[in-house]
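Novice: Whatever this is, show me its structure:
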Amino acid sequence: MTTATPRTLAEELRTRSDRGLAGLLRARPDLLNPVPGDLTQLATRAGTRASVVRAVERLDAFALQTAEALAVAPDPCPYGTLAALMAGDAGDEAVAAALPGAVAALRAQALVWGPDDRLRLVRTARELLTPSPTRPSPTGLGPTVAEAASGMSPGRLQDILAAAGLPATHDPVSAVAALTALFSDRARTAALLDTAPAEAVAVLDKLLWGPPYGAVTDRPAPHLQWLLDRGLLLPAGARNVVLPREAALHLRAGRAHRVPEPAPPALAPATARDPQLVDNAAASQAFTALATVEELLKEWDLGGPPVLRAGGLSVRDLKRTATALDTTEQLAALWLELAYAAGLIASDGEADERYAATPAAEDWLQLPDHERWATLVAAWLPATRTPGVVGTADAKGRALAALGPHLDRSPAPEVRHRVLTLLATLPPGTSVPESALLSRLRWERPLRAAAPAAQPPAPAPAAQVPGQAPSPAAAPDGPTGDLRSRLAQETLLEAELLGVTGRGALAAHGRALIGADRAAETVPGAATTPLTPAEAATAATRAAALLTPLLPEPLDHVLLQADLTAVAPGPLHRPLAEALGVLADIESKGGATVYRFTPASVRRALDSGRSAAELQEFLTTHSRTPVPQPLAYLIDDVARKHGQLRVGAATAYVRCDDDALLSEILADRRAAALRLRRLAPTVLATQSSPEQLLDGLRAMGYAPAAESAAGDVLVARADSYRTPPRTAPTPVPDGPPPPDRTLLEAAVRAIRAGDLAATAERKPATAPTDAPAPGALPRTTSAETLATMQAAVLTSSPVWIGYVNADGAASQRVIAPVRVEGGYVTAYDHTSDEVRTYPLHRITGVSELADDTL
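Specialist: Coordinates of the predicted model:
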């Protein structure tokens, strides 16, 4: 039976409601893998080092400061003592108001247990947060008098008592107690310090906020000797001394932390803009993002660059891609990774492996703009690959390549969602500086912002002139190198480029994307739960619907100009854009796209199988202005020359009905590299390939056409190259995924039932040897098991059984037998809350329960 005051964490968990247990499992999902058999197993798992470290890392700054104060407080610690450590002797209204919530948060995560008059930090958390010489505490406090004086001789302790004006004692224990009582008494300690030399007070001021350790010589100065004689400095090694915790707390006026942080930093200063302008700016950027990804797919339409042996894209190929996209290499890496995350590009897996568009890219290109945008952002939100680290060095000093390995950063989705959620808490159209968001994120996860990723903080060595110990809750000045801050900065940039935000504020479709209606904060600093895949898909569809009216309508016309250019005053319909992209070269992009017609571009259109008349008709149909005469002359001139020369495979040959034209080519010095020779008046042959011959003649200003073995003109229409079907990369999770409601309810029910089976009161055994050891399965013979089961059916009594399933896993269960026949027992299982059938040969034993157990 559980007593009024829990003696262990397991007993405390038994007093919690099902909702409280579900909250614990939701906050610490690692406790669910696998589902604990009972509450004792849950308490044991909640106290393991790995689980406690993960839980402590997810505490906000004030909850962490509260845990650190409990680590330096007496164990158990009354709430009043904890409040005094947090608020100091003078008190602090903000701290007093926030402290109950911090204690409740620690208790909800099973890091603190016990009633308010006996608060206990779980043992593993105390070990992690208690200060030691090799692991200073962020509080800057040192060991207690008892801990620091544990190795001192009895005579030395008596000398300290005499110098401090205390009466002698009979043993070291009472001497340490007397010294502790002195430093814990504000009035007596103040009177002692009033007699201290000024230099001694200055030394204490240097040690006050940590680190509390300092170095001394064999012959300390008089002011240091004064401190040593009175126990205000105690030995901490051969040449090191330490300021005792009790003395430091007196000097600090009882405060454990120099700057308590009871409230999160405000998201300020805020800049308000017209929400409609923000939405329009975001929509414009969303359209630009679609155009950029489409340009990337077009650039790699015939096959992309090769894959490095170690994986990824080479620096040279990244530069080429950046040039093609007219952007920087870092942003090119972003668009590459985004397309990769959406499953639009991948490696082809061939022997000479290279990157190319996937079959999914073809489907994506056919979607409406708003659906294409939804596909990109739906892939971006949960992605763990971070393009911001491209170009940096890995653990072995090698540069990380775009699309290569080792780009996953597991906290990225959580940080990304949190940044957008914080923006969603602001009024529509409102933005805040980046520094304000970073300060809030550091407050919410101070330990994860205390050091760069994968580099644990090194212990601070004792210094000759001690300084202040850095607190993980303090925001460092200048640019930060911690992972969460870098991910937050990248999130702000990527959200702006993708059109989720506009001018630094979250757009209306951005709010819908993260489910802002369910992401509002209820507890300051509390992290929101990311959307489930089903919720994320619904939210992306809703966001796309809000974006649709903001996107520009595609146009079906261009404006032809006399300088051989065409201006598209907006986005064009896809067939028109593709056809115009063959007939002309893109000269500039922006709000309007400028195309330029050149002889090479017109020849390219003719090579694709169109005639001059078809090109003229195409331009007449899709131009709001008449076809300029220079453009008509250009098309006719190129078409007249196009196909006069025919190139085939001999290795290669050139034939032409005009033998004078062939004579002109032979006489041209530029044709020397082609090594042409005349086979007949109308035929020239060469050892070069047809492709080299075509390129060479075109470079000389001719417009040759390739022909087949039958003499027909070959249409130069390159086929798109696609990879085999590929799946998008799977994000690397940051620990176990958050459990859904169904799993939580089932887990709580199973834990409760298992705990009932483990703690149910049994009837006394008939013989002492029959009673199983605590925690062991009951053992009875087959005959005894059958007889007990049959009796339980007649009396409708519950029994406790040990059961081994088909996989060999043993468990304890409380069942109410209903029927026994054919070697099976049918019973209501309180553990699984259902009626089940058990083979009798798998039941290790059975024991009757006390009459008032259920």
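
Novice: Can you find the helix or strand in this structure with the smallest mean pLDDT?
Specialist: strand 646-648 (a mean of 63; mean pLDDT, DSSP states H and E).

Novice: Give the rounded mean pLDDT of the next helix or strand after it.
Specialist: For strand 646-648, the following helix or strand on the C-terminal side (DSSP states H and E) is strand 652-655. The average pLDDT within strand 652-655 is 82.

Novice: Centre of the chain to strand 652-655, how far?
Specialist: Relative to the centre of its chain, strand 652-655 is centred 61 Å away, using CA atoms, centre = their mean, to the nearest Å.

Novice: Next: stretch 62-75.
Specialist: 28 Å.

Novice: For that stretch, which residues meet the burial criterion?
Specialist: Across stretch 62-75, burial judged by 16 or more other CB atoms under 10 Å covers 62-73. C-beta here means a position set from N, CA and C on the backbone, and glycine is covered the same way.

Novice: list the buried ones in the longest strand along the chain?
Specialist: Longest strand in the chain, counting residues (DSSP state E): strand 810-821. Residues 811-817, 820 are the ones in strand 810-821 that count as buried (16+ other CB under 10 Å).

Novice: Going by contacts, tell me the helices and strands next to it.
Specialist: For strand 810-821, the packing partners by 3 or more CB pairs under 8 Å, 6 or more residues apart in numbering; DSSP states H and E come out as helix 741-759, helix 782-795, strand 799-804, strand 824-829, strand 834-839.

Novice: Quick check: can you name the pairing partners of that strand and their directions?
Specialist: strand 799-804 (antiparallel), strand 824-829 (antiparallel) (DSSP bridges).

Novice: Which among the ones you listed is found nearest to G845?
Specialist: G845 lies closest to strand 799-804 among the strands paired with strand 810-821, at 5.2 Å (CB to CB).

Novice: Enumerate the positions of the closest one that are buried.
Specialist: Per 16+ other CB under 10 Å, strand 799-804 contains these buried residues: 799-803.

Novice: from the residues you listed, which has minimum pLDDT?
Specialist: Within these, the minimum per-residue pLDDT falls on W800 (82).

Novice: Let me know the distance separating it from T788.
Specialist: As judged by CB to CB, to the nearest Å, W800 and T788 stand 10 Å apart.

Novice: can you list residues touching both of those two?
Specialist: Taking CB atoms under 8 Å, 6 or more residues apart in numbering as the contact criterion, the common neighbours of W800 and T788 are 846-848.

Novice: could I get those residues as JSON lines with pLDDT and neighbour count?
Specialist: Shown next, in JSON lines, are the shared contacts of W800 and T788 (pLDDT from 0 to 100; neighbours: other CB atoms under 10 Å):
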{"residue": "V846", "pLDDT": "88", "neighbour count": "24"}
{"residue": "S847", "pLDDT": "82", "neighbour count": "20"}
{"residue": "E848", "pLDDT": "80", "neighbour count": "18"}
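
Novice: okay if I get those as JSON lines plus distance to D657 and secondary structure?
Specialist: Output for these, formatted as JSON lines (distance: CB to CB, whole Å; DSSP: H, G, I helix; E, B strand; the rest coil):
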{"residue": "V846", "distance to D657": "105", "secondary structure": "strand"}
{"residue": "S847", "distance to D657": "107", "secondary structure": "strand"}
{"residue": "E848", "distance to D657": "111", "secondary structure": "strand"}
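
Novice: Quick check: which ranges of this structure have low pLDDT?
Specialist: Low-confidence regions of the chain, defined by pLDDT under 70, span residues 1-4, 449-481, 517-530, 643-650, 709-719, 760-776, 831, 850-854.

Novice: Most distant residue from the centre of it?
Specialist: Largest separation from the mean C-alpha position in the chain: P681, at 72.7 Å (CA atoms, centre = their mean).

Novice: Report the contact partners of that one.
Specialist: Contacts of P681 were listed using CB under 8 Å, 6+ apart, and they are 659, 662.

Novice: Ramachandran angles for it?
Specialist: Dihedral angles of P681 (phi, psi; degrees, to the nearest 10) stand at phi -60, psi -30.

Novice: What separation do you get for it and D659?
Specialist: For P681, the distance to D659 equals 4 Å [CB to CB].

Novice: And L697, how close does it get to S688?
Specialist: As for L697, its distance to S688 is 10 Å (criterion: CB to CB).

Novice: Quickly list what's touching both of those two.
Specialist: Taking CB under 8 Å, 6+ apart as the contact criterion, the common neighbours of L697 and S688 are L674.

Novice: how close does H509 get to R258?
Specialist: 44 Å.

Novice: quick one, which of those two is more surrounded?
Specialist: H509 (28 against 16; other CB atoms under 10 Å).

Novice: Quick check: that one touching N280?
Specialist: No: judged on CB atoms under 8 Å, H509 makes no contact with N280 at a distance of 11.5 Å.

Novice: Spell out which residues are contacts of both of those two.
Specialist: Any residue near both H509 and N280 by CB under 8 Å, 6+ apart counts here, and that gives L550.
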